[in-house]
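Peer 1: okay, sequence plus prediction incoming.
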Amino acid sequence: MTNIKKKDLPHMPFYVGDWLKCPEVRALPPDYRGLWFDLLCYMWESTERGVMVTPNGRPYTDDEIIRMVGLDNQNSGIWLTTLLTGGVCYRRPDGAIFSKRMVKDEQIRHKRHETGSKGGNPALLVKGIDNSEDNQKPDNDNDNDIDFDLIITLYHDLCPNMAKVEKLTDLRKGFIRARYAEYGIEKITTVLRQAGESNFLNGKNDRGFRSDFEWLMRPNNFIKVLEGKYQNKEAAWMMP
(Lines give C-alpha, C1' and ligand atoms only; values in the text may rest on other atoms or scores of the structure.)
Protein backbone atom coordinates (compact mmCIF):
# COMPACT_ATOMS: atom_id res chain seq x y z
CA MET A 1 0.00 0.00 0.00
CA THR A 2 1.36 3.44 -0.93
CA ASN A 3 2.30 5.59 2.05
CA ILE A 4 0.91 9.12 2.20
CA LYS A 5 3.01 11.71 4.00
CA LYS A 6 1.62 12.69 7.38
CA LYS A 7 1.62 16.37 6.41
CA ASP A 8 -0.94 15.49 3.71
CA LEU A 9 -3.29 14.22 6.44
CA PRO A 10 -3.03 16.72 9.29
CA HIS A 11 -6.16 15.56 11.05
CA MET A 12 -7.91 12.29 11.87
CA PRO A 13 -11.59 12.13 10.79
CA PHE A 14 -13.80 11.49 13.79
CA TYR A 15 -17.45 10.50 13.32
CA VAL A 16 -19.17 11.76 16.45
CA GLY A 17 -22.44 9.97 15.66
CA ASP A 18 -20.68 6.61 15.37
CA TRP A 19 -18.78 7.15 18.60
CA LEU A 20 -21.96 7.96 20.52
CA LYS A 21 -24.04 5.16 19.01
CA CYS A 22 -21.56 2.27 18.73
CA PRO A 23 -22.80 -0.35 21.25
CA GLU A 24 -19.35 -1.91 21.71
CA VAL A 25 -17.84 1.44 22.67
CA ARG A 26 -20.75 2.57 24.84
CA ALA A 27 -20.53 -0.69 26.81
CA LEU A 28 -16.99 0.21 27.89
CA PRO A 29 -16.26 1.93 31.22
CA PRO A 30 -15.36 5.64 30.73
CA ASP A 31 -11.65 5.09 31.38
CA TYR A 32 -11.56 2.24 28.84
CA ARG A 33 -13.16 4.54 26.24
CA GLY A 34 -10.37 7.05 26.88
CA LEU A 35 -7.71 4.37 26.40
CA TRP A 36 -9.41 3.23 23.19
CA PHE A 37 -9.35 6.79 21.85
CA ASP A 38 -5.62 7.03 22.63
CA LEU A 39 -5.13 3.75 20.78
CA LEU A 40 -7.00 5.12 17.76
CA CYS A 41 -4.63 8.09 17.70
CA TYR A 42 -1.61 5.78 17.69
CA MET A 43 -3.21 3.71 14.92
CA TRP A 44 -3.76 6.86 12.88
CA GLU A 45 -0.07 7.80 13.21
CA SER A 46 1.09 4.25 12.44
CA THR A 47 3.09 3.54 9.28
CA GLU A 48 0.31 1.06 8.45
CA ARG A 49 -2.68 3.23 9.27
CA GLY A 50 -5.22 1.55 11.50
CA VAL A 51 -2.78 -1.14 12.68
CA MET A 52 -0.55 -1.13 15.78
CA VAL A 53 2.84 -1.78 14.17
CA THR A 54 6.30 -0.27 14.65
CA PRO A 55 7.91 1.89 11.93
CA ASN A 56 9.58 -1.24 10.54
CA GLY A 57 6.28 -3.12 10.41
CA ARG A 58 6.61 -5.32 13.51
CA PRO A 59 3.39 -5.71 15.51
CA TYR A 60 3.56 -4.01 18.89
CA THR A 61 3.27 -6.44 21.78
CA ASP A 62 0.50 -6.02 24.33
CA ASP A 63 3.03 -4.89 26.93
CA GLU A 64 4.38 -2.23 24.56
CA ILE A 65 0.88 -0.95 23.85
CA ILE A 66 0.14 -0.78 27.57
CA ARG A 67 3.24 1.35 28.12
CA MET A 68 2.45 3.55 25.11
CA VAL A 69 -0.86 4.68 26.61
CA GLY A 70 0.91 5.53 29.86
CA LEU A 71 0.16 2.50 32.02
CA ASP A 72 2.35 -0.09 33.65
CA ASN A 73 2.05 -3.85 33.29
CA GLN A 74 0.60 -4.49 36.75
CA ASN A 75 -2.96 -5.64 36.19
CA SER A 76 -3.39 -3.00 33.50
CA GLY A 77 -3.82 -5.26 30.47
CA ILE A 78 -7.45 -6.05 31.30
CA TRP A 79 -8.68 -3.03 29.33
CA LEU A 80 -6.97 -4.28 26.15
CA THR A 81 -8.44 -7.76 26.60
CA THR A 82 -11.86 -6.14 27.08
CA LEU A 83 -11.50 -4.20 23.81
CA LEU A 84 -10.62 -7.39 21.95
CA THR A 85 -13.29 -9.66 23.47
CA GLY A 86 -15.89 -6.92 23.08
CA GLY A 87 -15.32 -6.55 19.33
CA VAL A 88 -14.04 -2.97 19.64
CA CYS A 89 -10.75 -3.89 17.96
CA TYR A 90 -9.32 -7.04 16.44
CA ARG A 91 -6.07 -9.02 16.28
CA ARG A 92 -4.51 -10.19 13.01
CA PRO A 93 -2.87 -13.63 12.63
CA ASP A 94 0.54 -11.96 13.06
CA GLY A 95 -0.59 -10.56 16.42
CA ALA A 96 -1.09 -6.95 15.33
CA ILE A 97 -4.07 -5.17 16.87
CA PHE A 98 -6.12 -3.12 14.42
CA SER A 99 -9.24 -1.01 13.97
CA LYS A 100 -11.48 -2.59 11.33
CA ARG A 101 -13.14 0.74 10.56
CA MET A 102 -9.89 2.71 10.21
CA VAL A 103 -8.29 0.06 8.00
CA LYS A 104 -11.32 0.01 5.72
CA ASP A 105 -11.48 3.81 5.50
CA GLU A 106 -7.78 3.91 4.63
CA GLN A 107 -8.25 1.36 1.84
CA ILE A 108 -11.10 3.43 0.41
CA ARG A 109 -9.05 6.63 0.62
CA HIS A 110 -6.13 5.05 -1.24
CA LYS A 111 -8.42 3.75 -3.99
CA ARG A 112 -9.92 7.19 -4.44
CA HIS A 113 -6.47 8.80 -4.46
CA GLU A 114 -5.10 6.36 -7.05
CA THR A 115 -8.17 6.62 -9.28
CA GLY A 116 -8.16 10.41 -9.14
CA SER A 117 -4.45 10.60 -10.01
CA LYS A 118 -5.13 8.53 -13.14
CA GLY A 119 -7.85 10.90 -14.32
CA GLY A 120 -10.77 8.79 -13.17
CA ASN A 121 -13.69 9.83 -11.05
CA PRO A 122 -13.05 8.67 -7.45
CA ALA A 123 -16.74 9.04 -6.68
CA LEU A 124 -17.57 6.30 -9.16
CA LEU A 125 -14.81 3.88 -8.16
CA VAL A 126 -17.13 1.63 -6.22
CA LYS A 127 -20.89 1.81 -6.41
CA GLY A 128 -22.09 3.82 -3.45
CA ILE A 129 -18.61 4.08 -1.89
CA ASP A 130 -18.65 7.89 -1.88
CA ASN A 131 -21.96 8.20 -0.09
CA SER A 132 -20.84 10.18 2.94
CA GLU A 133 -23.90 9.21 4.96
CA ASP A 134 -23.26 5.49 4.40
CA ASN A 135 -19.57 5.89 5.19
CA GLN A 136 -20.44 7.29 8.61
CA LYS A 137 -22.58 4.32 9.57
CA PRO A 138 -21.18 1.37 11.54
CA ASP A 139 -19.48 -1.29 9.44
CA ASN A 140 -22.26 -3.59 8.24
CA ASP A 141 -20.30 -5.73 5.81
CA ASN A 142 -21.42 -8.94 7.52
CA ASP A 143 -25.13 -8.08 7.51
CA ASN A 144 -25.74 -10.22 4.43
CA ASP A 145 -24.38 -13.22 6.36
CA ILE A 146 -26.39 -12.58 9.53
CA ASP A 147 -29.97 -13.80 9.83
CA PHE A 148 -31.16 -11.39 12.51
CA ASP A 149 -34.66 -12.84 12.53
CA LEU A 150 -33.28 -16.35 13.09
CA ILE A 151 -31.28 -15.20 16.12
CA ILE A 152 -34.31 -13.48 17.63
CA THR A 153 -36.38 -16.61 16.97
CA LEU A 154 -33.72 -18.75 18.66
CA TYR A 155 -33.82 -16.42 21.65
CA HIS A 156 -37.59 -16.67 21.93
CA ASP A 157 -37.54 -20.47 21.53
CA LEU A 158 -34.60 -21.17 23.85
CA CYS A 159 -35.32 -18.48 26.44
CA PRO A 160 -39.14 -18.53 26.63
CA ASN A 161 -39.26 -17.11 30.17
CA MET A 162 -37.31 -13.97 29.34
CA ALA A 163 -38.72 -10.69 28.01
CA LYS A 164 -39.71 -10.82 24.35
CA VAL A 165 -37.84 -8.75 21.78
CA GLU A 166 -40.51 -6.43 20.41
CA LYS A 167 -38.17 -4.38 18.21
CA LEU A 168 -34.77 -5.10 16.68
CA THR A 169 -33.10 -1.74 17.38
CA ASP A 170 -29.78 -0.53 15.96
CA LEU A 171 -28.23 -1.12 19.39
CA ARG A 172 -29.37 -4.75 19.41
CA LYS A 173 -28.21 -5.27 15.83
CA GLY A 174 -24.83 -3.91 16.86
CA PHE A 175 -24.54 -6.45 19.66
CA ILE A 176 -25.54 -9.26 17.29
CA ARG A 177 -22.96 -8.19 14.68
CA ALA A 178 -20.18 -8.13 17.26
CA ARG A 179 -21.03 -11.50 18.80
CA TYR A 180 -21.55 -13.07 15.35
CA ALA A 181 -18.19 -11.78 14.10
CA GLU A 182 -16.38 -13.08 17.16
CA TYR A 183 -18.17 -16.37 17.90
CA GLY A 184 -20.46 -17.34 15.01
CA ILE A 185 -24.00 -18.67 15.08
CA GLU A 186 -23.14 -21.95 16.85
CA LYS A 187 -21.83 -20.31 20.00
CA ILE A 188 -24.64 -17.76 19.97
CA THR A 189 -27.04 -20.69 19.96
CA THR A 190 -25.09 -22.33 22.79
CA VAL A 191 -25.29 -19.18 24.91
CA LEU A 192 -29.02 -18.83 24.32
CA ARG A 193 -29.61 -22.48 25.20
CA GLN A 194 -27.54 -22.28 28.38
CA ALA A 195 -29.25 -19.04 29.37
CA GLY A 196 -32.68 -20.58 28.84
CA GLU A 197 -31.72 -23.49 31.11
CA SER A 198 -30.21 -21.31 33.86
CA ASN A 199 -32.38 -20.89 36.93
CA PHE A 200 -30.48 -17.79 37.99
CA LEU A 201 -30.88 -16.00 34.64
CA ASN A 202 -34.59 -16.81 34.60
CA GLY A 203 -35.40 -15.11 37.88
CA LYS A 204 -34.80 -17.88 40.42
CA ASN A 205 -32.44 -15.85 42.58
CA ASP A 206 -32.61 -13.62 45.63
CA ARG A 207 -31.93 -10.46 43.63
CA GLY A 208 -35.10 -10.35 41.59
CA PHE A 209 -32.91 -10.36 38.49
CA ARG A 210 -34.03 -11.81 35.14
CA SER A 211 -31.87 -11.68 32.04
CA ASP A 212 -33.05 -10.38 28.67
CA PHE A 213 -31.74 -10.34 25.09
CA GLU A 214 -29.59 -7.21 25.37
CA TRP A 215 -28.03 -8.41 28.62
CA LEU A 216 -27.08 -11.74 27.02
CA MET A 217 -25.55 -10.09 23.96
CA ARG A 218 -23.29 -7.72 25.88
CA PRO A 219 -19.66 -8.91 25.57
CA ASN A 220 -18.89 -9.51 29.25
CA ASN A 221 -22.19 -11.27 29.93
CA PHE A 222 -22.01 -13.37 26.76
CA ILE A 223 -18.62 -14.86 27.65
CA LYS A 224 -19.69 -15.54 31.25
CA VAL A 225 -22.70 -17.53 30.06
CA LEU A 226 -20.59 -19.34 27.44
CA GLU A 227 -18.07 -20.33 30.10
CA GLY A 228 -20.80 -21.78 32.30
CA LYS A 229 -20.86 -19.24 35.11
CA TYR A 230 -24.65 -19.32 35.32
CA GLN A 231 -25.05 -23.05 34.90
CA ASN A 232 -27.31 -24.71 37.47
CA LYS A 233 -25.26 -26.22 40.29
CA GLU A 234 -27.02 -29.57 40.12
CA ALA A 235 -26.34 -29.80 36.38
CA ALA A 236 -22.69 -28.92 36.89
CA TRP A 237 -22.37 -31.55 39.62
CA MET A 238 -23.71 -34.27 37.33
CA MET A 239 -21.27 -33.51 34.51
CA PRO A 240 -18.32 -35.94 34.18
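Peer 2: Arrived safely.
Peer 1: can you list the domains in the protein?
Peer 2: Here the domain parsing of the chain from automatic domain parsing is 8-103, 141-231.
Peer 1: now residue 88. Nearest residue, chain neighbours left out?
Peer 2: In space, and not counting its chain neighbours, residue 88 is closest to residue 24: 4.8 Å by Cβ to Cβ, 6 or more residues apart in numbering. In this view, the C-beta of every residue, glycine as well, is placed from N, C-alpha and C.
Peer 1: what is the burial count for that neighbour?
Peer 2: When neighbours are counted by other Cβ atoms under 10 Å, residue 24 registers 19.
Peer 1: hang on, the earlier thing: who wins for proximity to residue 114 among the domains of the chain?
Peer 2: If you check each of the domains of the chain against residue 114 by Cβ to Cβ, domain 8-103 wins as the nearest, at 14.1 Å.
Peer 1: what's the closest residue to residue 94 other than its chain neighbours in contact with, if anything?
Peer 2: Excluding the flanking residues, the one nearest residue 94 by Cβ to Cβ, 6+ apart is residue 59, at 5.6 Å. Going by Cβ atoms under 8 Å, 6 or more residues apart in numbering, residue 59 touches 51, 52, 53, 92, 94, 95, 96, 97.
Peer 1: is residue 59 bridged to anything, and to what?
Peer 2: residue 53 (DSSP bridges).
Peer 1: just to revisit the earlier point, for the residue nearest to residue 88, give me the pLDDT.
Peer 2: Residue 24 is assigned 84 on the pLDDT scale.
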